[in-house]
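Chemist: Sequence first, predicted coordinates after that:
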Amino acid sequence: MRIVAGKYGSRHLKSPGSLRLRPTSDRLRETLFDILGPAVAGSLFVDAYAGTGAVGIEALSRGARRVIFIEIARGAVLLIRRNLEALGAADGAEIVHDDARRALARLEARGECADLLFLDPPYEDEEEYRRALELLSHSAPLARTGAIVFEHRATLPLPDFLGQLESFRRVRQGDACLTFFRLIPGR
């Protein structure tokens, strides 16, 4: 695994080793950040279900002002911390060791509004996708012009509309898919 572009471009990240993680591929991360483009620079970026932290670190590399990593697995939290330290990228990073839905609710309660919110629950846990979407459908710590991106198995359909959210783009790459959501204007 490597950082694709930006300040830490071409630098390698520590791999998950024996941890049961499915890191976002370099190619899919490149596609994601090509789509997000200049919206990343200066943003508050949230990487939920962060795993190795590769997506959030890519955001830092591309100029995000601040990245909040949310991860429940202790081993993954330690891996994120090691990756940040190895790159000298700990400034502007916050690691929240907690359940993603609970952490997102706390972010909103403390008034945080992410510009970009990336969620990558375990592919096999369809119920976790449903619960995360349900939470965000009525309560999202997201700026009015922000975007929520779910990475998921291409065979898992996510809704076009749910509460205050509407999907506006889907990109399939192999067995993976990125679905982009935004807040419905006027809601």
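Modeler: Looks like it arrived, so ask away. Owing to the predicted nature of the structure, the values given are computational and were not obtained by experimental measurement.

Chemist: Based on its surroundings, how many neighbours for the closest residue to Arg172 other than its chain neighbours?
Modeler: On the basis of C-beta to C-beta, 6 or more residues apart in numbering, the spatially nearest residue to Arg172 that is not a chain neighbour turns out to be Ala154, at 5.1 Å. For glycine as for every other residue, the C-beta is placed from the backbone atoms N, C-alpha and C. Around Ala154 there are 15 other residues, counting by other C-beta atoms under 10 Å.

Chemist: What segments of the protein are helices?
Modeler: In the chain, the helices defined using DSSP state H lie at 26-36, 54-61, 74-87, 100-109, 126-138.

Chemist: Let me see the confidence value for the nearest residue to Asp47 once chain neighbours are set aside.
Modeler: Among residues not flanking Asp47 along the chain, Gly56 sits closest, at 3.3 Å (C-beta to C-beta, 6+ apart). Listed pLDDT for Gly56 reads 97.

Chemist: same deal with Gly17?
Modeler: In this model, Gly17 is scored at 63, pLDDT.

Chemist: ok, back up a step: compile the helices of the chain into a markdown table and extend it with columns for mean neighbour count and distance to Asp120.
Modeler: Below are those laid out as a markdown table (neighbours: other C-beta atoms under 10 Å; distance: least, C-beta to C-beta, whole Å):
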| stretch | mean neighbour count | distance to Asp120 |
| --- | --- | --- |
| helix 26-36 | 17 | 10 |
| helix 54-61 | 27 | 7 |
| helix 74-87 | 18 | 12 |
| helix 100-109 | 18 | 10 |
| helix 126-138 | 16 | 10 |
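
Chemist: any chance of those helices in TSV, with distance to Val67 too?
Modeler: TSV is the format used below for the helices of the chain (distance: least, C-beta to C-beta, whole Å):
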stretch	distance to Val67
helix 26-36	13
helix 54-61	4
helix 74-87	9
helix 100-109	13
helix 126-138	18
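
Chemist: do you know which of those helices lies nearest Leu116?
Modeler: helix 26-36 (6.4 Å; C-beta to C-beta).
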